[in-house]
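Asks: need the 3D shape of this:
(chains A and B)
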Amino acid sequence: MKTFDYIRPANVQDAVAAASESGAAYLAAGTNLMDLMKGGVIRPDKLVDITRLPGLDRIEDLPDGGARVGALVRNADLAHDRNFSRRFPAVAEALLSGASAQLRNAATVGGNLLQRTRCAYFYDVASACNKRDPGTGCDARGGDSRPQAIMGWSEHCIATHPSDFCVPLVALDAVVEVAGKAGQREIPLETFHRLPDDTPDRESVLEPGDLIVAVRLPADAARFAAHSRYLKVRERTSYAFAVVSAAAALRFEGPIIVEARVALGGVAMKPWRAREAEAVLTGEQAAASVFRRAAEAALATAKPSGDNGFKIELARRVTVRALALAAASTPARPPALPASPLAVSGVALHA
Amino acid sequence: MGFSTTLTVNGVTQTIDLDDPRVTLLDLLRERLQLTGTKKGCDRGQCGACTVILDGRRVNSCLALAISHDGANVLTIEGVAQANRLHPVQEAFLAHDGLQCGFCTPGQIMSAIGLIQEGQAGNDPERVREGMSGNLCRCAAYQGIAQAVLAAQKILSAVSRKEVA
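Replies: Next up, the predicted model:
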């Protein structure tokens, strides 16, 4: 690991000023940053430690019925917050499906949004990677494409965004509160992450120095609480990134779906909101044929980026299954090992 | 540039001079404090061999920068037994053959102590397996580990019920 300067600013303003300088990076829990620095994948000159910044570690109910989650709230604390998980159960289910207990105990909300792709070619400094070293090429193309994108990818980069948390968040219209050099601003999560195009090194719309201070869920998001699920298919039953995942949230009036939210994970360099699927579902009754049509709409623009065409049909099936589970109702507590063939509590939930 | 960090490790508070900001909590424990019970496996947050309880939560000490945790309270495997009495989780690992070579065992035991304290798994074998999935065991002693954690959970919850009563 390259050495670095270390500073611990006293407030957000000082942090933003310090991190605006070239070569600076924010340090929160460091669960992804340390890993990347040890591998020489990123080599910051200065770490700006934000862990002591006051006021960023709270989960608040907003007067309008929404929720505001500070950037330094730990993933585990948010998932286990009874009031939060009761109102936004798919978000809690996604958080608990991610990483390991040790990592969830450390990793923060802001860090989760800004974690880097787990593309093996990005991590391997001997491989060409436009995301790590712009202009060097992309060894992932023609390489192992199982974890790679099927939507929104470009010739320059086919990596995926690894977050589970972001998938239900984008479905539920989450908003990111950012402090920057020009003060505070808000960015809808749907436009927060960038697709690779010809600048895959730029993964979000953040500018140098910008600091995530909170993530907000609007009041409307809680109206899906009775019918919300996150379903994740991975290579093993725990502690693995998604091959494909889906968040599904439905609101019924009688038998009619009056509002639907669908998003996919593991398919693109951003959490993928599937508004086309939502349009198909709205006004319909819950039925396998309707869910299938919605899934086909969600994947209509999908295209393999290598030998990963199977992910397109897998994503359709995971979407159908997530919708069926959401329609059935949110469980009192999400299953611990939902896709395990060894599960003793009922049938495996994978597609 | 000189740095120092003050940590309370297994109940003892000490200030440690760091000549380098890159020192992880894991390296500090092993190289500076000679507490080598905490193991370095992958050093990248994947195997769980370095698990310690940091300010009440189990974490991977290989990913924690020591400088960032100035003032923290750390519990390592060296601090869990009382005099000659093993911790109930240690006893359970022995009773249920929750190990073979032993390299991952300190991390497994610290993780199990954290899991039981978190109170999310209870006596549900699936939740125990998921809760312990951040600790790899190359000898694949997983059956024994899961049984040990369930047995220890039973003993510790009986103890805490007694304490409440």
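Asks: what sits closest to B:A64 if chain neighbours are left out?
Replies: Nearest non-adjacent residue to B:A64, counting by Cβ to Cβ, 6 or more residues apart in numbering or on different chains: B:L25, 4.2 Å away. No exception for glycine: its C-beta is placed from N, CA and C like everyone else's.
Asks: pretty sure the one you found sits against B:V74.
Replies: Yes. Assessed by Cβ atoms under 8 Å, B:L25 is found in contact with B:V74 at 7.1 Å.
Asks: in the chain, where's the longest helix?
Replies: Looking at chain A here, since you left the chain open. helix A:310-328 (DSSP state H).
Asks: could you do chain B instead?
Replies: From DSSP H, the single longest helix across chain B is helix B:142-164.
Asks: what's the spacing between that one and its chain's center?
Replies: 16 Å (Cα atoms, centre = their mean, to the nearest Å).
Asks: and that helix, what's buried?
Replies: Using 16 or more other Cβ atoms under 10 Å in any protein chain shown as the burial criterion, the residues of helix B:142-164 that qualify are B:Y142, B:G144, B:I145, B:A146, B:Q147, B:A148, B:V149, B:L150, B:A151, B:A152, B:Q153, B:L156.
Asks: can you pull the poorly scored residue ranges out of chain B?
Replies: B:1, B:164-165 (pLDDT under 70).
Asks: hey, where'd the strands end up in it?
Replies: B:3-9, B:12-18, B:51-54, B:57-60, B:73-75 (DSSP state E).
Asks: A:P9: what's it in contact with?
Replies: Under the criterion of Cβ atoms under 8 Å, 6 or more residues apart in numbering or on different chains, the neighbours of A:P9 are A:A15, A:A17, A:A18, A:V48, A:D49, A:I50, A:L53.
Asks: which two in these are spaced the farthest apart?
Replies: A:A17 and A:D49 (14.4 Å; Cβ to Cβ).
Asks: out of these two, which sits in the busier spot?
Replies: Using other Cβ atoms under 10 Å in any protein chain shown as the criterion, A:A17 and A:D49 rank with A:D49 on top: 21 against 15.
Asks: next, A:S204: phi, psi?
Replies: phi -140, psi 170 (degrees, to the nearest 10).
Asks: and it, how many neighbours does it have?
Replies: 18.
Asks: quick check: buried residues in stretch B:90-102?
Replies: Buried-residue list, stretch B:90-102, by 16+ other Cβ under 10 Å: B:Q90, B:E91, B:A92, B:F93, B:H96, B:G98, B:L99.
Asks: what distance separates the start and the end of it?
Replies: Stretch B:90-102 has an end-to-end distance of 12 Å (Cα to Cα, to the nearest Å).
Asks: what's the answer for stretch B:9-28, then?
Replies: 11 Å.
Asks: from the chain's centre, how far out does it sit?
Replies: 17 Å.
Asks: mind listing residues that contact it?
Replies: A:1, A:3-6, A:34, A:47, B:1-8, B:29, B:32-33, B:35, B:38, B:40, B:43, B:50, B:52, B:54, B:61-67, B:69, B:74-76, B:78-79.
Asks: just stretch A:270-285 next, same as before
Replies: A:151-152, A:161, A:163, A:166-167, A:169-171, A:189-190, A:192-195, A:250, A:255-265, A:290-291, A:293-295, A:297-298, A:300, A:319, A:323.
Asks: list only buried entries from those residues.
Replies: A:151-152, A:161, A:163, A:166-167, A:169-171, A:189-190, A:192-195, A:250, A:257, A:259-265, A:290-291, A:293-295, A:297-298, A:319, A:323.
Asks: out of those, list just those in strands.
Replies: Filtering those for strands - DSSP E - leaves A:L250, A:I257, A:E259, A:A260, A:R261, A:V262, A:A263, A:L264, A:G265.
Asks: mind telling me the two of these farthest from one another?
Replies: Counting by Cβ to Cβ, the most remote pair of those is A:I257 and A:G265, 21.9 Å apart.
Asks: gap between the two ends of stretch B:46-58?
Replies: 14 Å.
Asks: which residues of chain A lie near chain B?
Replies: A:1, A:3-6, A:8, A:27, A:29-31, A:34-35, A:38-39, A:47, A:49, A:51, A:74, A:76, A:80, A:99-103, A:105-106, A:237-239, A:335-337, A:340, A:343-345 (Cβ under 8 Å from any Cβ of the partner chain).
Asks: give me the buried subset of those residues.
Replies: A:4, A:6, A:8, A:27, A:29-31, A:34-35, A:38, A:47, A:49, A:51, A:74, A:76, A:80, A:99-103, A:105-106, A:237-239, A:335-337, A:340, A:343.
Asks: out of those, which are inside strands?
Replies: Among these, the members that lie in strands (by DSSP E) are A:Y6, A:L27, A:L47, A:D49.
Asks: please produce JSON lines containing the residues you listed, extended by pLDDT.
Replies: Below are these laid out as JSON lines (pLDDT from 0 to 100):
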{"residue": "A:Y6", "pLDDT": "97"}
{"residue": "A:L27", "pLDDT": "98"}
{"residue": "A:L47", "pLDDT": "98"}
{"residue": "A:D49", "pLDDT": "98"}
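Asks: and those, which two are furthest apart?
Replies: The widest separation within these (Cβ to Cβ) is 8.1 Å, between A:Y6 and A:L27.
Asks: between those two, which contacts overlap?
Replies: Contacts common to A:Y6 and A:L27, judged by Cβ under 8 Å, 6+ apart, are A:L47, A:D49, B:L65.
Asks: touching, the last one and A:M34? I think so.
Replies: Yes. B:L65 is in contact with A:M34 according to Cβ under 8 Å; the separation is 7.0 Å.
Asks: contacts only, for the residue located most distally from the centre of chain A.
Replies: Distance from the C-alpha centroid of chain A peaks at A:G254, with 31.7 Å (Cα atoms, centre = their mean). Applying Cβ under 8 Å, 6+ apart, we find A:G254 in contact with no residue.
Asks: any idea which helix or strand carries A:G111?
Replies: helix A:109-114 (DSSP states H and E).
Asks: tell me how far that helix lies from the chain's centre.
Replies: With Cα atoms, centre = their mean, you get 8 Å for helix A:109-114.
Asks: what residues does it touch?
Replies: A:28-29, A:31-33, A:56, A:69-75, A:78, A:98, A:163, A:165-166, A:176, A:189, A:192, A:203-204, A:206, A:211-213, A:215.
Asks: in chain B, what residue is nearest chain A?
Replies: Per Cβ to the nearest Cβ, B:G134 is where chain B lies closest to chain A, at 2.6 Å.
Asks: would you confirm that that residue contacts A:A101?
Replies: Yes. Counting by Cβ under 8 Å, A:A101 is a contact partner of B:G134 at 5.4 Å.
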